[in-house]
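Novice: Turn this into a model:
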Amino acid sequence: MSWICKHCHTKVEDDAFEICWQCNTPRDGEAPAPKAALACLRCHTPLRFVGSKDFHEGSRWGVLGELGELFVNKEALDMYACQSCGKVEFFLTGYQGEDA
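Specialist: Purely as a prediction, here's the structure:
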């Protein structure tokens, strides 16, 4: 059985889930607490989201083009930067949800 999230109106397919997979709102509809802004570990200034970075492991398969890329491990990470001291931190893509 499925249910509709009262916050973002996403259809949650499995009745066993008590939290919306899209916005983390509990089934009863009470909105989740806002996430704390990420702060720089050095100077405690709020970090700013500056984009995602794709990392590529292994050699480039120039001759095989896109077909060769199927055999290479790739990871995308979200990058946050401190406007004060220039420190950069990486997080799993989508882990923080919204911009800090």
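Novice: Skipping adjacent residues, who's closest to residue 10 in space?
Specialist: Leaving aside its chain neighbours, residue 10 sits nearest to residue 22 (4.2 Å; criterion: CB to CB, 6 or more residues apart in numbering). Using the backbone N, CA and C atoms, a C-beta is placed for each residue, glycine as well.
Novice: give the contact list for that neighbour.
Specialist: 5, 8, 10 (CB atoms under 8 Å, 6 or more residues apart in numbering).
Novice: so residue 78, which of the three states?
Specialist: Of the three states, residue 78 takes strand according to DSSP: H, G, I helix; E, B strand; the rest coil.
Novice: Can you tell me how far the closest residue to it other than its chain neighbours is from residue 24?
Specialist: Once flanking residues are discounted, residue 78 sits nearest to residue 91: 4.9 Å by CB to CB, 6+ apart. Separation of residue 91 from residue 24 (CB to CB, to the nearest Å): 16 Å.
Novice: among the contacts of residue 22, which ones are buried?
Specialist: For the contacts of residue 22, a burial check counting by 16 or more other CB atoms under 10 Å picks out residue 5.
Novice: Same list (the contacts of residue 22) but as CSV, adding pLDDT.
Specialist: Formatted as CSV, these follow (pLDDT from 0 to 100):
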residue, pLDDT
5, 84
8, 79
10, 84
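Novice: ok, the contacts of residue 22 vs residue 82, which is closest?
Specialist: Of all those, residue 8 has the smallest distance to residue 82: 30.9 Å, by CB to CB.
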